[in-house]
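Structure, please.
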Amino acid sequence: MERNFSPAALFTTVLLTVALSTSAAFLEPFDLLYDSGVRAFYNSDYDSVVRDMEGALSSYKEVRRIRVRCRLRCQDQHQFDESFSDLRFFEVVLRRAACMDACIEEKLGSQSLHKVSEDVVQDFLRRIPYNYLQLAYQKLKQPDKAAAAAHTYFQANPEHVEMGQNLEQYKDLQGVMEDHFVDREARPHQRSFTAAVRLYDNGDYEGAIALFEEALVEYYKADVECRALCQWPQRFEGYDFLRYRYSLHEVISDHFTQVLHCEHECVRDLATRPGRLSPMENYLPLHYDYLQFAYFQVGRLEDALQCALTYLLFHEGEEFVSENVAYYRETLGHDGEPREEVAQYLMRHKQELELLLIGSKTMGVEFTEGVKNATTSQICCMIPSSTDGWMDYVPISDKKKVTVPDQLKEGGPLLYERVQLVQNSAALNGTQRVLLDHVITEEECSDLRHLAHAVTMAGDGYRGKMSPHTPNEKFEGATVLKTLQYGYEGRVPMRSARLFYDISERARRIVESYFLLNSTLHFSYTHLVCRTAITGQQDHRTDLSHPIHADNCLLDPEANECWKEPPAYTYRDYSALLYLNGDFEGGEFIFTQMDAKTMTASVKPKCGRMVGFSSGGENPHGVKAVTSGQRCAVALWFTMDPLFRELERLQADEVIQALDTQAVWGQGFNINPKDEL
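Sure, this is the predicted structure:
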């Protein structure tokens, strides 16, 4: 199961009890309904699960609708005019703020009274409530509703192996029809576009035209709503808010730049289907491309010309469409104009990029030359991708699909006498995979586990999130430099801290040697990690401890592709996991095919066992649920590019060198705690 709550621990916010009006009804906070539904689930009260989860989903959608409506209404009521001045600008800002507060309070109550945690919001974005719903409907003998809930969840979580199996079972149940498998969260513009393409492919051009036009209306509506939702509190990467001491205009500039970035990200958001990591290529222009051919097929050449000219706004000078335009002009005997809304749309994006260039300078960020020199016709083909809290704009046409390199080698020497080859790539049913035993001894495993218990912190390496991959387990981690710092401070034995450093180097040398690499492997990231099953949350689990993914590309299971693009760690070349124990239940490491469903190999962890593999799309992998006990390992990622060497590793190298110097010369040394991160 995907989530359980301890209400006393997680919900310390004040219960929203504001009366809206004599005729208005309360809108219960969706997080409280969600919590109530989860508690009902673990009490096997499935009627209450359905009532509360459906209520939570309805409340969540209504909150979103109200915020969008209020922001757009207040924006229309208080507009900036030609008479620009500082006072006039801030007057409009203040009036908009007061308007939005009043509008939202009318329906939701004071915004300061009830704050929903980010973890809960992420659960709704990941469609976790539908996982509870499908199980509850199943228990209540309502397979049609269970199938719809399961299908809705699976669309956004295609890596969820168990849910895929559940869906196959629903298909065989009596009373479950094909039209029961609906996506209850389908976005109107994507739903209409998909249906339109289906009609077009079947030769129903009139039907396709109606749906493509409907998809465009819904797209621009969704774009407006997406932008409105960007007008919320922003967090600035790397800023210490307790020490935030910037001037008024710097604060406004930073906030506006973040909002502007969020708004520009709507291009990616609207073109990305649920469960997909990359947007659909050429998404918006494709509508006009399909339309020009469909209009041609039904003899509406003026509309065909208009759509062809509109497409050329996105892709100026494209040969085939330009030839079509010439044909339409010649046949009609006159020219046409592209659609006005597209010209305005592209101009707005052009202006956004220009402003982002200014904003980037105030925040110390540089843009690529491609963005600086972009023309209006190129804007829609640029997809923003977050990188280290900021963005890098990558033309869609430049995306590279991951392919497995030819003539990869393996079978090199294992360097250490005790290390034993268990399975090679062939035995593991894949490419560039290896399973080794006795990489470290039982005593070393014991020392490192004791070190983990003393040093690791919840969420370390994942921005403090206690459960970054699944809410049913606690995740704790520590880096090499942190352990050395603890050793220097006397909080752990320096011998144990030094052991962590030494065995990670041992693993690096083995991987480099076994795969017969002609380039040096450098550390990209080194992490001592433990996953602990949370008691009381295991009975109904169907999720994975770590979902199926690839280490250096964005896995797209539906398309059987892996895109080597940000925010993936594209510079990682090889990965390894060195296990410290096996006294727990579950937690098997698994390889799958690129569909993220078909398992090709499974590895049961135990002390001294190490699995190594290349980091690309040829090796999708994940971790099965840890259902009891604690699973500890050393996770290692390597790169052949020295520019991406792990900074903490370089600092740790200096610490080790200083320790060795101290041992030889009797000199003291000091680690600055501020250098830890």
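
who touches T532 in this structure?
Applying Cβ atoms under 8 Å, 6 or more residues apart in numbering to T532 gives the contacts 473-474, 476, 626, 629-631. (Each C-beta comes from the backbone N, C-alpha and C, glycine too.)

Now with 7 Å, please.
473-474, 630 (Cβ atoms under 7 Å, 6 or more residues apart in numbering).

Show the buried residues in those.
473-474, 630 (16 or more other Cβ atoms under 10 Å).

Reformat those residues as a markdown table; add distance to R95 and pLDDT.
Shown next, in a markdown table, are the buried ones among the contacts of T532 (distance: Cβ to Cβ, whole Å; pLDDT from 0 to 100):
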| residue | distance to R95 | pLDDT |
| --- | --- | --- |
| E473 | 48 | 88 |
| K474 | 47 | 87 |
| Q630 | 56 | 94 |
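
Nearest to I548 among the residues you listed?
E473 (16.3 Å; Cβ to Cβ).

give me the beta-bridge partners of that closest one?
When assigned by DSSP bridges, E473 has beta-bridge partners A533.

Please tell me how far it sits from P129.
Separation of E473 from P129 (Cβ to Cβ, to the nearest Å): 20 Å.

before we move on, back to that, between the buried ones among the contacts of T532, which is nearest F90?
Nearest to F90, judged by Cβ to Cβ, of the buried ones among the contacts of T532 is K474 at 46.8 Å.

Nearest residue to that closest one in space, please, no chain neighbours.
With sequence-adjacent residues excluded and distances taken as Cβ to Cβ, 6 or more residues apart in numbering, K474 is closest to T532, at 4.5 Å.

contacts for stretch 197-209?
By Cβ under 7 Å, 6+ apart, stretch 197-209 touches 196, 211, 290-291, 294-295, 297-298.

how about 10 Å then?
The contact list for stretch 197-209 (Cβ atoms under 10 Å, 6 or more residues apart in numbering) reads 195-196, 210-212, 215, 286-287, 290-291, 293-300, 303, 307.

thinking again about what came up before, can you redo the contacts of T532 as TSV with distance to T257?
Formatted as TSV, these follow (distance: Cβ to Cβ, whole Å):
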residue	distance to T257
E473	37
K474	36
Q630	43
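
what residues are up against A294?
Contacts of A294 by Cβ under 10 Å, 6+ apart are 196, 199-200, 204-213, 300, 303-304, 307.

Actually, D641.
519, 522, 524, 570-573 are the contacts of D641 under Cβ under 10 Å, 6+ apart.

Narrow the residues you listed to those in helices?
Cross-referencing those against helices under DSSP state H gives no overlap.

Columns distance to R649 and pLDDT on top of these, output as JSON lines?
JSON lines is the format used below for the contacts of D641 (distance: Cβ to Cβ, whole Å; pLDDT from 0 to 100):
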{"residue": "S519", "distance to R649": "17", "pLDDT": "84"}
{"residue": "H522", "distance to R649": "8", "pLDDT": "93"}
{"residue": "S524", "distance to R649": "9", "pLDDT": "92"}
{"residue": "T570", "distance to R649": "19", "pLDDT": "88"}
{"residue": "Y571", "distance to R649": "14", "pLDDT": "89"}
{"residue": "R572", "distance to R649": "14", "pLDDT": "93"}
{"residue": "D573", "distance to R649": "15", "pLDDT": "94"}
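
And the buried ones among those residues, selectable in PyMOL?
PyMOL command restricting the contacts of D641 to the buried ones, with burial defined by 16+ other Cβ under 10 Å:
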select buried, resi 522+524+570+571+572+573
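
Mind putting the contacts of D641 into TSV with distance to Q423?
Below are these laid out as TSV (distance: Cβ to Cβ, whole Å):
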residue	distance to Q423
S519	25
H522	26
S524	25
T570	28
Y571	28
R572	22
D573	21
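
Which segments of this structure make up each domain?
The record's domain parsing of the chain by the TED database lists 30-175, 188-368+378-383, 420-535+542-661.

Out of those, flag the one nearest E410.
Of all the domains of the chain, domain 420-535+542-661 sits nearest to E410, with 5.3 Å by Cβ to Cβ.

Show me where the stretch 1-150 of the chain has its helices.
Per DSSP state H, counting those that start in this stretch, the stretch 1-150 of the chain carries helices over the ranges 7-10, 30-42, 46-77, 86-108, 118-125, 128-139, 143-156.

now, of those helices, which is deepest in the fold?
helix 128-139 (a mean of 24; mean count of other Cβ atoms under 10 Å).

tell me the angle that helix makes with helix 46-77.
150 degrees (axes from the mean of the first three to the mean of the last three Cα atoms, to 10 degrees).

Put the alpha carbons of helix 128-139 into PDB.
C-alpha atoms of helix 128-139 as PDB (Å, rounded to 0.1, in the frame of the first residue of the first chain):
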ATOM      1  CA  ILE A 128      -2.200   7.600  -4.500                       C
ATOM      2  CA  PRO A 129      -5.800   7.900  -3.300                       C
ATOM      3  CA  TYR A 130      -6.900   5.800  -6.300                       C
ATOM      4  CA  ASN A 131      -4.700   2.900  -5.000                       C
ATOM      5  CA  TYR A 132      -6.800   2.900  -1.800                       C
ATOM      6  CA  LEU A 133     -10.000   3.200  -3.700                       C
ATOM      7  CA  GLN A 134      -9.300   0.300  -6.000                       C
ATOM      8  CA  LEU A 135      -8.700  -2.000  -3.100                       C
ATOM      9  CA  ALA A 136     -11.800  -0.700  -1.200                       C
ATOM     10  CA  TYR A 137     -14.100  -1.100  -4.200                       C
ATOM     11  CA  GLN A 138     -12.600  -4.600  -4.700                       C
ATOM     12  CA  LYS A 139     -13.500  -5.500  -1.100                       C
END
